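Engineer: Have a look at this fold, sequence not included:
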């Protein structure tokens, strides 16, 4: 425990020293969220692992993105567990998992993201965060716990499924018999919320270390007949409802949760709606803390499209 606290203190110093340099890349930091005993908390994993490279598009509008400076050697090194995050150009802020990497090409899993790409757009390739990288063995009994019936669970939503008030679709359990997560390679996608279910009688502290995002964060909203999307701001610092970028369409809503409250399957503590004519604004501009998750409820008959969050630093 002392080593864990010391590590957090060191990273805290690094984060504080870097506050005036957020625009620079490779800034190290962390997020920290209290996890009450016998409770769910809705969080994200906004910190990234180190990127493996930066590339420039030579083709556009297709799931196969040509690049100027090569990828790997065409052996599939960066597929499935890596993603492209666009940092400049028409597709800036969007990300997509890479399904195939060849010589001078990447194939993107998300055709909607690929459609936004243009020649000259630049992107980085990052390893995906996983349950195992975000909750490593060194943080056991601090960020999560074992204990069979009281072991921590990670609950993930499937944002591709339509509908509202959807339960999580996947549960990852910590398994005492193997001293590891049952499926440690389960992806925790960027900008996506998940639940930490603390079934123990003691409080925990969720801590994620990594690089501070220095890029824009954008989302593509599909055309909807009413849909809940478990999401986050994409940034590890304080933001707000208005800064999430989801406004502009009447009857869109954001459902906010209290991570400090105890209990499982907690209902939202507040629903904020976007008001149409003549106000054209959110009903209130509540804070959203760094790494907190929320539910974006897309309005019926919403045309969707690309939205970009306001970068809070």
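Structural biologist: Nice, thanks for sending it over. On a predicted model such as this, the values are computed, not experimentally measured, just so you know.
Engineer: hey, let's count contacts and neighbours off CA atoms from now on
Structural biologist: Will do.
Engineer: Now do residue 149: how many residues are near it, please.
Structural biologist: 11 (other CA atoms under 10 Å).
Engineer: Let the chain start at 16 from now.
Structural biologist: Yes, from this point I'll number from 16; that puts the last item at residue 164.
Engineer: Does it fall in a helix, a strand, or a coil region?
Structural biologist: helix (DSSP: H, G, I helix; E, B strand; the rest coil).
Engineer: Give me the pLDDT for it.
Structural biologist: Residue 164 carries a pLDDT value of 93.
Engineer: Also the one 5 residues further on?
Structural biologist: Predicted confidence (pLDDT) for residue 169: 98.
Engineer: and if you look at residue 156?
Structural biologist: Reported pLDDT for residue 156: 96.
Engineer: Could I get the contacting residues of it?
Structural biologist: residue 219 (CA atoms under 8 Å, 6 or more residues apart in numbering).
Engineer: measure it to residue 245 for me?
Structural biologist: In this view, residue 156 and residue 245 are 27 Å apart by CA to CA, to the nearest Å.
Engineer: Find me whatever residue is spatially closest to residue 236, sequence neighbours aside.
Structural biologist: residue 319 (4.5 Å; CA to CA, 6 or more residues apart in numbering).
Engineer: quick one, what contacts the one you found?
Structural biologist: 235, 236, 237, 238, 239.
Engineer: switch the cut-off to 10 Å
Structural biologist: 234, 235, 236, 237, 238, 239, 261, 264, 313 (CA atoms under 10 Å, 6 or more residues apart in numbering).
Engineer: Settle this for me: the fifth one is touching residue 175, isn't it.
Structural biologist: The one in question is residue 238. No - using CA atoms under 10 Å, residue 238 makes no contact with residue 175, being 11.8 Å away.
Engineer: So these two - more neighbours on which side?
Structural biologist: Between residue 238 and residue 175, residue 238 has the larger neighbour count (other CA under 10 Å), namely 15 against 10.
Engineer: ok now do that one, which residues does it touch?
Structural biologist: 313, 314, 315, 316, 317, 318, 319, 320.
Engineer: List just the nearest of those residues to residue 102.
Structural biologist: residue 320 (18.3 Å; CA to CA).
Engineer: Just list whatever residues bridge to the closest one.
Structural biologist: residue 236 (DSSP bridges).
Engineer: tally of neighbours for it?
Structural biologist: For residue 320, the count of nearby residues is 11 (other CA under 10 Å).
Engineer: you'd agree it is up against residue 234?
Structural biologist: Yes - with contact defined as CA under 10 Å, residue 320 counts as touching residue 234 (8.1 Å).
Engineer: re the thing from before, if I look at the residue nearest to residue 236, how far off is residue 312?
Structural biologist: 12 Å.
Engineer: Need the overlap of contacts for the two.
Structural biologist: 239, 261.
Engineer: domain parsing for this structure?
Structural biologist: Domains of the chain are assigned by automatic domain parsing as 49-63+144-225, 68-142, 233-323.
Engineer: got the end-to-end distance for the longest one?
Structural biologist: Pointing back at domain 49-63+144-225 there. 18 Å.
Engineer: ranges for the helices of the stretch 166-315 of the chain?
Structural biologist: With helices called from DSSP state H, counting those that start in this stretch, the stretch 166-315 of the chain shows none.
Engineer: which residues in it form strands?
Structural biologist: 168-171, 185-190, 195-196, 209-213, 219-226, 233-236, 242-247, 254-255, 268-271, 285-290, 296-297, 302-303, 308-313 (DSSP state E, counting those that start in this stretch).
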